[in-house]
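Peer 1: Please work out how this folds:
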Amino acid sequence: MNRITMKLNTILKITLIILGLIPMTGCQPSHSKPKQAKLTQPNIIIIMTDDQGYADVSCYDHSKEVHTPHIDSIARAGVRFTNGYVSGIQCVPSRAGLLSGKYQQRYGLYSNKDIFDGGFRDQITLPQVLKKNGYATGMVGKWHLGRSVEKEKPYHRGFDKFYGFLQGMRGYLKYNAKRPLLRNGEPLKEKFGYLTDFFNREAVSYIDKHSSQGPFFLYVSYNAPHYPLEAKAEYLKKFNTGNPKRDAQLAMMASVDEGVGQIIASLKKNGVYDNTLLFFLSDHGGETNKGADNGVLRAGKNTLYEGGTRVPFLVSWPARVPSGKVSKSTVVSLDIFTTAVAAAKGDMPNDKIIDGKDLLPTILGQTNVPLHETLFWQQRENQWALRHKNWKLINNGESFELYDLEKDIGEQHNIAANHSTIVAQLETLYTHWKKEMK
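Peer 2: From the prediction side, this is the model:
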């Protein structure tokens, strides 16, 4: 082939490329589509306190002595719910609902004592679902969901790693051989300091270890500020409200807030903060006779009033969730199960009823449809409550109480006598719900 022919061929090839009749070397064919980058599964952390008052977080309506800057930072980074609830008014029911994603009454768990009946042990738990989707799973803190038989313990219920105790309560300052700290199944006899500090240390250690190993799920289940009211001396000195119980509550929460700050700092240090879905809530309302403050809400722990059911409820995920949002949507702790699985791109259990809903479409502004029109609570056979839209109906065992929460968040004015039709309609909703429960 002479030079003239080669030159003509080169000119012809360039012309055809320009006209699009021959693809350029290394280019995709015109009919192909670029591959979509796979979304990274977020790390997921649930931080739950025990008996914390609704007003004992300073990003909510609070008294002047409350100061929780690190917990507040979750609200600044994400969403603060003003109508956030839990499914139980005692520790066991609330925690069972959280980890199963369903009303715990479905498996016969109404109060703390029902854990000994074993209904929870047959439920699929959130860590079990996340493990199937590639997550390492860890728990730090208070379990309180079964210890009678080995298979009830957290390291058999989906958690790869567990550091904490099995019972409902224990002291903060001394070693307790009858209620030992465990690392998985091994009792530990540590040189004792302050229990909340131990939990803070273990949570940070877990994050440091697993941040580079793929997605992880961590459940940090504080027993503070549940009694006994034992605080670190240096924090106790910071409070002087005139009520020793109140001072102890605030000092105990200062240690929790410190731990939340350490957890967030560890996430940032390890470069995973933006892609961590973080939930913060209390297991139920505060115990006011132990120094907790539920603010404008009526009563507290062990009651069906708002002070027993409504809790601080915060969610952040900097990579996806807009910061500094306040939502009036009615949400419940059961939603954490469904939201976590959805964020993990996981598969929900297809043979079980799940009552929780995915919070993300609401948080991201993708829907205006109410997440829950109706929520239910029941601890005793003849004592139950429900919220339907703005109406709150309570059966106190003797009569009905009806409140319009939009106008009367403190539940001071029982208007049942003036709205008998609404009472009957709400009672029917409860009757249908009750038929589905065990």
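Peer 1: What sits closest to Tyr206 if chain neighbours are left out?
Peer 2: Leaving aside its sequence neighbours, Tyr206 sits nearest to Gly138 (Cβ to Cβ, 6 or more residues apart in numbering; 4.7 Å). In this view, the C-beta of every residue, glycine as well, is placed from N, C-alpha and C.
Peer 1: Please apply the same query to Tyr194.
Peer 2: Using Cβ to Cβ, 6+ apart, the closest residue to Tyr194 is Lys232 (5.2 Å).
Peer 1: contacting residues for the residue nearest to Tyr206?
Peer 2: Contact analysis of Gly138 by Cβ atoms under 8 Å, 6 or more residues apart in numbering lists 159-162, 206, 210, 216-219.
Peer 1: Relative to Val220, how far out is it?
Peer 2: Noted for Gly138: a distance of 9 Å to Val220, by Cβ to Cβ, to the nearest Å.
Peer 1: do you know how far Asp51 is from Glu398?
Peer 2: Separation of Asp51 from Glu398 (Cβ to Cβ) stands at 27 Å.
Peer 1: Compare the two and say which is more crowded by neighbours.
Peer 2: Asp51 (26 against 8; other Cβ atoms under 10 Å).
Peer 1: Which helix or strand contains that one?
Peer 2: Take DSSP states H and E as the rule and Asp51 turns out to sit in neither a helix nor a strand.
Peer 1: For the stretch 151-300 of the chain, just list every one of the helices.
Peer 2: In the stretch 151-300 of the chain, the segments counted as helices under DSSP state H, counting those that start in this stretch are 195-210, 233-236, 244-269.
Peer 1: Go through these and name the closest to His62.
Peer 2: Among those, the nearest to His62 by Cβ to Cβ is helix 244-269 (10.8 Å).
Peer 1: The residue nearest to Tyr194 contacts Leu195, correct?
Peer 2: No: taking contacts as Cβ atoms under 8 Å, Lys232 lies outside contact range of Leu195: 10.1 Å.
Peer 1: ok, these two, which is more surrounded?
Peer 2: Between Lys232 and Leu195, counted using other Cβ under 10 Å, the more crowded position is Leu195 (25 against 19).
Peer 1: List the residues that contact that one.
Peer 2: Taking Cβ under 8 Å, 6+ apart, one finds 170-173, 223-224 in contact with Leu195.
Peer 1: And Lys352, what's its pLDDT?
Peer 2: Here the pLDDT value assigned to Lys352 is 80.
Peer 1: swap in Leu8?
Peer 2: Leu8 is given a pLDDT of 42.
Peer 1: what does Trp384 give?
Peer 2: The model's pLDDT for Trp384 equals 98.
Peer 1: before we move on, what SS does it have?
Peer 2: strand (DSSP: H, G, I helix; E, B strand; the rest coil).
Peer 1: next one: Glu401
Peer 2: strand.
Peer 1: In this structure it contacts Leu393, no?
Peer 2: Yes: at 7.3 Å, Glu401 counts as touching Leu393 under the criterion of Cβ under 8 Å.
Peer 1: overlap in contacts of those two?
Peer 2: Ala416.
Peer 1: List just the nearest of the contacts of Leu195 to His432.
Peer 2: Checking those one by one against His432 (Cβ to Cβ), the nearest turns out to be Asn223, at 36.4 Å.
Peer 1: Please name the nearest non-neighbouring residue to that closest one.
Peer 2: Closest residue to Asn223 apart from its sequence neighbours, by Cβ to Cβ, 6+ apart: Lys142 at 4.2 Å.
Peer 1: How many residues are close by that neighbour?
Peer 2: 26.
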